[in-house]
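Peer 1: model this:
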Amino acid sequence: MITGARLDHVAFGVESLHGAAEFLAGTLGGAPHEGGPGPGYTGAQWRFANGARLELIEPLGADGFLHRFIRAKGPGIHHVTFIVPKLELAARAAEALGYEVVGYSDAYPSWKECFLHPKQALGIVVQMVEKSDTPDAGNTWGADFAFPQVKRASSQARIVALRMSAPSREAAMKQWSELLGGELAEPTPDVLEFRWKSSPIDLVVEIDSSLPPGPKHVEVGVDGEVTLPTDPNPSLGTRFVATAP
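Peer 2: Sure, this is the predicted structure:
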């Protein structure tokens with residue numbers, strides 16, 4: 001197990017930051033947090049009432065991983081990011097459980113990362129990051145990013161959970177608990193809810209072998225002023241479902 005891991009944010013691959021920001025800020029009231037360019041994308045994060053953050057990544061350049069993702073699937077949830085105390089130890093823990101670690105990079109002191117491929121990681125990219133405040137020339141993210149100009153909703157939502165599906169309880173427990181240290185909250189035979197200390201976002205997994213593994217929708221806490229559509233938001237390719245207060 002990776003001791004001290006926590007779920008940091010959920011990221012969406014989108015065709016346009018502005019189009020998706022219309023929903024995150026204009027409907028859900030998200031506040032700009034930070035953003036900047038990355039390898040093959042431009043990204044930005046919005047913060048919500050409970051401190052949870054959602055990230056948008058838009059393709060940059062002629063072609064790349066995000067272009068391929070959107071061509072194959074359309075916009076949608078691309079990855080979840082976990083902050084880990086030590087990246088090297090996290091990678092070893094993953095490999096010890098049979099996962100193939102890809103994209104390992106420790107070039108920048110402020111942001112060291114590696115990934116688990118969705119084919120092995122229950123239908124979603126899992127990013128593991130060792131983060132520090134050490135300044136370096138390679139970190140181009142910051143609060144001074146030019147966010148899309150969107151009028152924010154007066155009421156700010158809470159991002160409660162990412163709901164996913166998995167083919168078996170054993171597969172879900174291996175990834176989210178045995179590897180990443182999620183604590184089970186009120187499990188039932190068909191639904192497992194994982195929580196991480198200091199993380200406002202939970203991960204709820206429905207056990208269903210008839211469905212492909214992967215993200216299903218985002219659970220959102222809203223007040224009476226916000227009405228969420230029943231269909232997936234077209235800019236984010238994802239349903240946002242209101243939860244009970």
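
Peer 1: and the nearest residue to Pro32 once chain neighbours are set aside, how far from His9?
Peer 2: With sequence-adjacent residues excluded and distances taken as Cβ to Cβ, 6 or more residues apart in numbering, Pro32 is closest to Phe147, at 4.3 Å. C-beta: built from backbone N, CA, C; applies to glycine. Between Phe147 and His9 the distance, using Cβ to Cβ, to the nearest Å, works out to 16 Å.

Peer 1: who has more neighbours, the two?
Peer 2: Here Phe147 and His9 are compared on neighbour count by other Cβ atoms under 10 Å; more neighbours surround His9, at 22 against 19.

Peer 1: assumed the more buried one was part of a strand.
Peer 2: Yes - with the criterion set as DSSP: H, G, I helix; E, B strand; the rest coil, the secondary structure at His9 is a strand.

Peer 1: tell me the secondary structure for the residue nearest to Pro32?
Peer 2: Following three-state DSSP, we place Phe147 in the coil state.

Peer 1: check contacts around it.
Peer 2: By Cβ atoms under 8 Å, 6 or more residues apart in numbering, Phe147 lies in contact with 21, 32, 35, 44.

Peer 1: care to break this protein down by domain?
Peer 2: If the domains of the chain are taken from automatic domain parsing, they occupy 6-131, 158-242, with pieces of a single domain joined by a plus sign.

Peer 1: quick check: what element follows the helix or strand containing Phe69 along the chain?
Peer 2: Per DSSP states H and E: Phe69 is located in helix 65-73. Per DSSP H and E, the first helix or strand lying C-terminal to helix 65-73 is strand 76-83.

Peer 1: so how far is that following strand from its chain's centroid?
Peer 2: The gap between where strand 76-83 is centred and where its chain is centred comes out at 3 Å by Cα atoms, centre = their mean, to the nearest Å.

Peer 1: which residues does the spatially closest residue to Ile159 that is not a sequence neighbour contact?
Peer 2: Once flanking residues are discounted, Ile159 sits nearest to Ala52: 3.7 Å by Cβ to Cβ, 6+ apart. Going by Cβ under 8 Å, 6+ apart, Ala52 touches 9, 158-160, 200-201.

Peer 1: just to revisit the earlier point, and the helix holding Phe69, what does it pack onto?
Peer 2: Counting contacts by 3 or more Cβ pairs under 8 Å, 6 or more residues apart in numbering; DSSP states H and E, the secondary-structure elements packed against helix 65-73 are strand 6-13, strand 53-59.

Peer 1: recalculate using a threshold of 6 Å.
Peer 2: Under the contact criterion of 3 or more Cβ pairs under 6 Å, 6 or more residues apart in numbering; DSSP states H and E, helix 65-73 touches strand 6-13.
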